[in-house]
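Participant: This is a predicted model, with the sequence first.
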Amino acid sequence: MASPSDQPDPTYDEVAAFLAALVEGGMVHIVLSPGSRSTPLSVCAAAQPALTQWMQLDERTAAFFALGLAKATRTPVALVCTSGTAAANYFPAIIEASRTGVPLLVVSADRPPELHGGWGANQTIDQDDLFGRYPRMFRTMAVGGTSNPVAAAAAAREALQAMGSPSVGPAHINWPFRKPLEPVGPVPIVAAQNDPNEPADASFTRDPVVDARLASLSAHRGVIVAGPLDDPQWSSALAEFAEALGWPILAESTSQLRLLAPSANSVACSERFLLEPDIAEALVPEVVLFAGATPTGTSALQWADSHDATKVLLADPASPWSSSGPGAAGSGDSGSVDTGSVDTGSVEIEVLQLRPESLAAAARSTAVPHVDAEWLQQWNAIDAAASQAIADTVDHAGATGPATVRAVAKAIPHGSHLLIANSMSVRDLDRYVDCRSGVRVHVSRGASGIDGQVATALGIAAATNEPVTLVVGDIAFLHDIGSLFAAARLGLNLTIVVINDNGGGIFSMLPIAARGADVSFDELFHTPHNTDFAFAAGIEGVSFQRLEGAESIDQLRLLVGEPAQSQGGVTMIEVVVDHGENMSIRSAIDEQLATITP
């Protein structure tokens, strides 16, 4: 009789071949959560030397952690979980990945078909198409051990292909397994055939139609509106194009054109000064190019809509902009003109699909006989005046949300990563922080949720050897307290700055706030929580400091600066701000900007 180690183990052979194919396709990181049904996947992943494994105790943290890994590395990351509701906890992160073009591969273990239906087997749900239209592909595998390694490897390659083309995003593979789930003998390891670090083919073909359209636009007074951008090639190409044409770049803080590598043409404060009617009317464009994801603020869209200007979206064919709906694949070819349009609010925008290399090449070949120097000078003069007014008001007003965000953005060291949370934090960064270099900004603006911020920051920290700082509001932080324990357990380095105004401050910006007690505003919207964040000091591996009072911002600059970042570990800094002062400082800034003469 054969010994257990001599017996064939088709399930583990298939899983090992599947993982090897992922490595061949460039995958480096896999994020796991404990579970029984996923045993073959977890055990094989742990044995695969080319995969870096990250164990997260809960799937919600795991998904946002993987999102951060994929954002920072711009490579596919796998998520592995057991059967039942485990994968359902991935859903918010999968939506975000779909909307922002992040390649996450969910591999969910499942019970075999005979345990589904009316049998009432425990921990069994319908996992087919669990994430709806958000993944770029869904596939249910044959029950483990009933197919073959070649088919398993082909499924891995299919998933990698789907996550990258025609629109980057997540994919979902559901894999049923029967008991026994343990390996029969030694865990098989299949060596990857290709170097995962081998660069992808970056060749592209110039499209004369695209070149002609860009040339036709370049002869006019134009503006580039740069929304959130993760791809440094796009940021560089936009800067080159703008500088060749003498156009200003309305650079959102998350565009990498304000804090990472600002262009000489970058305009920092347009989100605020374009709200001033006299200024908005003095700056009349003939062409507005939109690039990146949807802008955080609405000023540029409203301003563009108020003028009879040609509006064009520069869309990478691999970006979610080319999708016709959530998770849907686009239909345009690389470098082709899409004759359709997108409707962003009341602004109808022509879509021009091209790769960043094409835009950069067009900048070098486009002849602009008379660059309108006064056009850019006018923008720069207004931007400088607005920047000075913001600095004079915010930097001398004590601890507020805008002051906290400004202090962090200016003080964190060169080479840092900054994850800015949604709600008021990202808006304050966009409105009140001017240009500097050396800080890569991350944000989750696909669905603009406030969940998973700590876990996403931890994923960025795991992917880099550079300082990572998270700026997050108190409510968003409370959404993700569990991830603090993951930070300490994994030994990652992260600085967390929590802006605590005791509730959801953003709701005070909405008309409903004026109704006050009549609509139970505090109970239903502002929701003060009165939490003492000093509990974080009791978590192993987490240091905590509360800042409050007149000297808070000066102390904060020191705590997030170069020496502090080199200490390592998880540092949590709570900045206590007054909700009323937050509202007052924003009103004071508005008053100062209203005095600027265009």
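Facilitator: Right, received. Where do you want to start?

Participant: I'd like the next helix or strand past the worst-scoring helix or strand of the chain on mean pLDDT.
Facilitator: One helix or strand of the chain scores below all others by mean pLDDT, DSSP states H and E: strand 337-344, with a mean of 42. For strand 337-344, the following helix or strand on the C-terminal side (DSSP states H and E) is strand 347-353.

Participant: Summarise which helices and strands that next one is packed against.
Facilitator: Counting contacts by 3 or more CB pairs under 8 Å, 6 or more residues apart in numbering; DSSP states H and E, strand 347-353 is packed against helix 208-218, helix 299-305, strand 310-315, strand 337-344. To be clear about C-beta, it is placed using only N, CA and C from the backbone, and glycine gets the same treatment.

Participant: Show me the strands paired with the shortest one, marking each as parallel or antiparallel.
Facilitator: Okay, so that is strand 310-315. Note on strand 310-315: by DSSP bridges, its sheet partners are strand 287-291 (parallel), strand 347-353 (parallel).

Participant: CA atoms of the first one as CSV?
Facilitator: The C-alpha atoms that make up strand 287-291 are tabulated as CSV, following Å, rounded to 0.1, in the frame of the first residue of the first chain:
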residue,chain,number,x,y,z
VAL,A,287,-10.8,74.7,-24.1
VAL,A,288,-11.0,72.7,-20.9
LEU,A,289,-9.2,69.3,-20.8
PHE,A,290,-10.2,66.9,-17.9
ALA,A,291,-7.8,64.2,-16.9
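
Participant: which residues in the stretch 251-400 of the chain form helices?
Facilitator: Assigned by DSSP state H, counting those that start in this stretch, the stretch 251-400 of the chain shows helices spanning 270-273, 277-282, 299-305, 356-365, 373-394.

Participant: Need the winner for burial among these.
Facilitator: helix 270-273 (a mean of 26; mean count of other CB atoms under 10 Å).

Participant: Who are the packing partners of it?
Facilitator: Packing partners of helix 270-273 (3+ CB pairs under 8 Å, 6+ apart): helix 299-305, helix 373-394, helix 424-432, helix 579-593.

Participant: Pipe the ones you listed into a markdown table and attach distance to residue 350 per row.
Facilitator: Below are the helices and strands packed on helix 270-273 laid out as a markdown table (distance: least, CB to CB, whole Å):
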| stretch | distance to residue 350 |
| --- | --- |
| helix 299-305 | 12 |
| helix 373-394 | 22 |
| helix 424-432 | 25 |
| helix 579-593 | 32 |
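
Participant: who wins for proximity to residue 140 among these?
Facilitator: Between residue 140 and these, the tightest spacing by CB to CB is seen for helix 424-432, at 38.0 Å.

Participant: And the next helix or strand past the closest one?
Facilitator: Heading C-terminal from helix 424-432, the first helix or strand you meet, by DSSP H and E, is strand 439-442.

Participant: Need the residues that contact that next one.
Facilitator: By CB atoms under 8 Å, 6 or more residues apart in numbering, the residues outside strand 439-442 that reach it are 68, 71-72, 230, 253-254, 256, 258-260, 409, 412, 414, 416-420, 429, 456, 460.

Participant: can you pull the alpha-carbon coordinates of that strand into CSV?
Facilitator: Presented in CSV, the C-alpha positions along strand 439-442 are these (Å, rounded to 0.1, in the frame of the first residue of the first chain):
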residue,chain,number,x,y,z
VAL,A,439,4.8,63.6,-1.3
ARG,A,440,2.7,61.0,-3.1
VAL,A,441,-0.9,61.4,-2.3
HIS,A,442,-3.4,58.5,-2.1
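
Participant: How far does the helix or strand following it sit from its chain's centre?
Facilitator: Using DSSP H and E, the helix or strand that follows strand 439-442 in sequence is helix 453-463. The chain centre lies 11 Å from the centre of helix 453-463; the measure is CA atoms, centre = their mean, to the nearest Å.

Participant: thinking again about what came up before, relative to residue 311, which of the helices of the stretch 251-400 of the chain is closest?
Facilitator: When those are compared (using CB to CB), the closest one is helix 299-305, at 5.8 Å.

Participant: what's that closest one packed up against?
Facilitator: Contact partners of helix 299-305 among helices and strands, from 3+ CB pairs under 8 Å, 6+ apart: helix 270-273, strand 347-353.

Participant: Buried ones among the contacts of strand 439-442?
Facilitator: Among the contacts of strand 439-442, those classed as buried by 16 or more other CB atoms under 10 Å are 68, 71-72, 230, 253-254, 256, 258-260, 409, 412, 416-420, 429, 456, 460.

Participant: Can you flag which of these belong to strands?
Facilitator: If you go by DSSP state E, the buried ones among the contacts of strand 439-442 have 416-420 in strands.
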